[in-house]
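Participant: Sequence first, then the predicted structure, then my questions.
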Amino acid sequence: MAEPGAEALRRTEQRAVVLQLERLMDYPMVRERVEGRRLTLHGWHFVIEDGEVHVFDVARRGFVPATQADNAGTGPYAAPDWAAADGPDHPLDGSGVPIGG
């Protein structure tokens, strides 16, 4: 069997970050504070090859370099306005990472 490519590995790593955010939201005390805007969770992914931190940016629907992110707050569970309106046009994988960039 062939080794997974760099892109597959990167997406797996990012998926793990999103899953951690989702797991944190399973705790009622965390969910209440996030939904009450008293706590903000951030998902970061370090791209070692580039020496760059990527953040999960809800507004841009995925991971972006920290230097380009408008925000880095609460992950996919805090559904932004676009989620209901154009979800099928911008599908997410099972972990909330956009499919196709």
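Facilitator: Sure, I can see it. Fair warning: this is a prediction, and the values are worked out from it, not measured in the lab.

Participant: Please give the number of neighbouring residues around V34.
Facilitator: When neighbours are counted by other CB atoms under 10 Å, V34 registers 21. The way it works is simple: take the backbone N, C-alpha and C, and place the C-beta from them, glycine included.

Participant: ranges for the helices of the chain?
Facilitator: For the chain, the helices defined by DSSP state H occupy 6-25, 28-35, 82-86.

Participant: Adding distance to V55 and mean pLDDT as columns, could you present the ones you listed in CSV?
Facilitator: Below are these laid out as CSV (distance: least, CB to CB, whole Å; pLDDT from 0 to 100):
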stretch, distance to V55, mean pLDDT
helix 6-25, 9, 90
helix 28-35, 16, 90
helix 82-86, 18, 42
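
Participant: okay, these in a markdown table with distance to E49 next?
Facilitator: A markdown table is the format used below for the helices of the chain (distance: least, CB to CB, whole Å):
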| stretch | distance to E49 |
| --- | --- |
| helix 6-25 | 8 |
| helix 28-35 | 32 |
| helix 82-86 | 30 |
